[in-house]
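[1] give the three-dimensional model of this entry:
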Amino acid sequence: MSDFSVIPLDILNDSRLTRADLRVYGLLSARTGNDEIDFVVIGRNERRRISKLVKLGYVGIEKDSNGLRYKLVERTDMKQQAEITLSAFAKEYETYARSVHTPKTVETYQTAFRELIRVEGDRSLKFIGIREIEHFLATKKVEASDHTARKYHISLASAFEKGIQWRYITENPFREVAKPKVREVIPVYFTGSDFRLFLSACPERDFRELCITGFLTGLRLGELIHLHWTDMDFQMKKILVQNHDDFTTKSKRSRVVPMTDEVLKLLTERKKNIRSESELVLPNKHGRKLNVGLVEHKFKITVRRAGLNDKLHFHSLRHSFASALVLSGVSLYAVSKLLGHSQTKTTEIYSHLLPDQLHGEVNKLDKRFDFSIRGNER
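    Reported below is the predicted structural model:
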């Protein structure tokens with residue numbers, strides 16, 4: 001243990017370092033007697049360990065007239081930055097996130113940090129290493145699900161990247177931990193008959209029209225409740241889904257969604273019979289923005305009243321829109337554009353609906369080539 005006696009306590013407590021890493025640091029410190037050692041006297045195995053220490057900022061490499069030399073790093077700024085706790089970093093990152101992310105995404109970051117602190121403690125950001133991350137993810141898999149663990153990994157990995165830019169840490173430990181894999185879940189969606197049952201169990205006209213619009217446009221609930229009349233182009237039969245002062249789309253980009261004849265008729269009549277001065281297309285009875293939680297609660301009550309699958313929720317209307325298009329032969333690429341997915345990979349969850357369609361496509365080969373002339377060989 002004598003090799004460890006010369007190692008500062010903060011380095012000994014760094015969970016990113018193995019016992020072998022610490023031993024090399026101790027040897028380096030002891031052999032220099034002060035702060036430097038010739039490159040040539042470092043063995044091959046030691047070099048690999050020192051490369052890690054260099055990456056973490058504990059050891060530096062300098063050139064002088066005699067060649068390369070290793071140097072123990074004394075960085076006052078690094079020591080000060082290392083004192084920032086998870087809670088302090090989370091608060092600082094939240095301020096940043098609010099300027100670039102949607103409120104829902106910011107909420108996900110908040111939850112991820114809160115759970116990390118609950119499980120691992122409010123320790124220094126610098127001392128969150130692979131071991132802590134793996135323990136945290138394993139805990140969330142048991143407490144919640146693989147999906148939740150994966151979501152937290154993605155959120156925290158992104159935040160820790162910013163920690164590197166802000167010079168609080170020198171490397172992102174999440175890069176060394178694989179994202180938890182999740183089993184593919186086929187989205188639940190309404191069939192035409194299911195949706196008619198749902199509407200028959202929905203007595204309120206405004207709520208029924210909200211659901212019909214969602215079913216026939218594939219818009220997210222947040223997009224629906226923030227639609228303005230100025231976003232409607234009845235002449236061109238188009239809806240412009242765009243950012244507003246109090247709303248940002250998930251992709252932060254605008255997109256155009258065509259109106260079906262039914263949506264055109266519904267919204268045109270709604271415009272004529274408008275009962276308030278609200279600029280919103282689908283407001284509550286007071287002309288103000290609908291409450292997301294209340295809409296989802298009312299939707300669940302209606303699903304149960306209709307005797308439908310209890311797994312159906314408001315977002316299932318969006319899945320129903322996409323599923324109906326795929327089953328009608330629309331390409332996944334086109335569906336992706338209509339849904340506003342930033343990556344077509346996201347739309348691949350609907351690929352399970354393609355087999356029959358693909359069977360019809362490959363059968364076109366029979367029509368393209370003549371296989372009627374065959375040899376008699378056996």
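
[2] show me the strands in the stretch 101-250 of the chain, by range?
    232-233, 238-241 (DSSP state E, counting those that start in this stretch).

[3] now the nearest residue to Arg49 once chain neighbours are set aside: which helix or strand?
    Spatial nearest neighbour of Arg49, excluding adjacent residues (C-beta to C-beta, 6 or more residues apart in numbering): Val24 at 4.0 Å. Just so you know, the C-beta spots here come from the backbone N, C-alpha and C atoms, and that holds for glycine as well. Secondary structure assigned from DSSP states H and E places Val24 in helix 19-32.

[4] same question for that helix, mean pLDDT?
    Regarding helix 19-32, the rounded mean pLDDT is 76.

[5] list the buried residues for it?
    Judged by neighbour count (16 or more other C-beta atoms under 10 Å), helix 19-32 contains these buried residues: Asp21, Leu22, Arg23, Val24, Tyr25, Gly26, Leu27, Leu28, Ser29, Thr32.

[6] show the contacting residues for Ile84.
    Counting by C-beta atoms under 8 Å, 6 or more residues apart in numbering, Ile84 touches Ser124, Leu125, Tyr168.

[7] repeat for Arg208
    Leu199, Cys202.

[8] quick one: closest of the strands of the stretch 101-250 of the chain to Ser351.
    Nearest of the strands of the stretch 101-250 of the chain to Ser351, taken as C-beta to C-beta: strand 238-241 at 24.4 Å.

[9] please save the CA atoms from the closest one in CSV.
    Provided in CSV are the C-alpha atoms of strand 238-241 (Å, rounded to 0.1, in the frame of the first residue of the first chain):
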residue,chain,number,x,y,z
LYS,A,238,-53.2,22.4,-45.3
ILE,A,239,-52.4,22.8,-41.6
LEU,A,240,-49.1,24.4,-40.7
VAL,A,241,-47.7,22.9,-37.5
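
[10] what packs against the next helix-or-strand element following that strand?
    Sequence order places strand 255-258 as the next helix or strand after strand 238-241, per DSSP H and E. On a contact count with 3 or more C-beta pairs under 8 Å, 6 or more residues apart in numbering; DSSP states H and E, strand 255-258 meets strand 238-241, helix 332-339.

[11] give me the buried positions along the last one.
    By neighbour count, and taking 16+ other C-beta under 10 Å as the criterion, the buried residues in helix 332-339 are Leu332, Val335, Ser336, Leu338, Leu339.

[12] would you mind pulling the contact partners of that helix?
    By C-beta under 8 Å, 6+ apart, helix 332-339 touches 218, 255, 257-258, 318, 321-322, 325-326, 343-344, 346-348, 350-351, 354.

[13] contacts only, for the closest residue to Ala157 other than its chain neighbours.
    Leaving out its chain neighbours, the residue that sits closest to Ala157 by C-beta to C-beta, 6+ apart is Phe174, at 3.6 Å. Applying C-beta under 8 Å, 6+ apart to Phe174 gives the contacts Ile133, His153, Leu156, Ala157, Phe160.

[14] how about low-confidence regions in the stretch 1-150 of the chain?
    1-6, 30-45, 60-83 (pLDDT under 70).

[15] can you show me the helices along it?
    9-12, 19-32, 44-55, 76-81, 86-100, 103-120, 130-143, 146-165 (DSSP state H, counting those that start in this stretch).

[16] pull out the buried positions in the shortest one.
    It stands for helix 9-12. Buried-residue list, helix 9-12, by 16+ other C-beta under 10 Å: Ile11.

[17] so what does that helix touch, helix or strand wise?
    So helix 9-12, by 3+ C-beta pairs under 8 Å, 6+ apart, packs with helix 19-32.

[18] by contact count, what packs against the helix it packs on?
    helix 9-12, helix 44-55, strand 67-72.

[19] quick one, the second one and helix 19-32 angle?
    With axes from the mean of the first three to the mean of the last three C-alpha atoms, to 10 degrees as the basis, helix 44-55 and helix 19-32 are set at 90 degrees to each other.

[20] might you calculate how far helix 44-55 sits from the centre of the chain?
    35 Å (C-alpha atoms, centre = their mean, to the nearest Å).

[21] do the same with stretch 142-153
    The answer for stretch 142-153 is 12 Å, by C-alpha atoms, centre = their mean.

[22] buried ones in it?
    Thr148, Ala149, Arg150, Lys151, Tyr152, His153.

[23] of those, which is the nearest to Thr248?
    Nearest member of the buried residues of stretch 142-153 to Thr248, counting by C-beta to C-beta, is Lys151, at 19.7 Å.

[24] which one of the helices of the stretch 1-150 of the chain lies nearest to Pro203?
    helix 103-120 (30.1 Å).

[25] show me what the closest one is packed up against.
    helix 86-100, helix 130-143, helix 146-165.

[26] list the buried residues of the second one.
    Spelled out, it's helix 130-143. Result for helix 130-143 [16+ other C-beta under 10 Å]: buried residues Glu132, Ile133, Phe136, Leu137, Thr139, Lys140.

[27] residues in contact with that helix?
    Applying C-beta under 8 Å, 6+ apart, the set of residues contacting helix 130-143 is 15-16, 115-116, 119-120, 148-149, 152-153, 156, 173-174, 176-177, 180.

[28] the same query, at a cut-off of 6 Å, please.
    Contacts with helix 130-143, where a contact means C-beta atoms under 6 Å, 6 or more residues apart in numbering, come from Ser15, Leu116, Val119, Glu120, Thr148, Ala149, Pro173, Glu176, Val177, Pro180.
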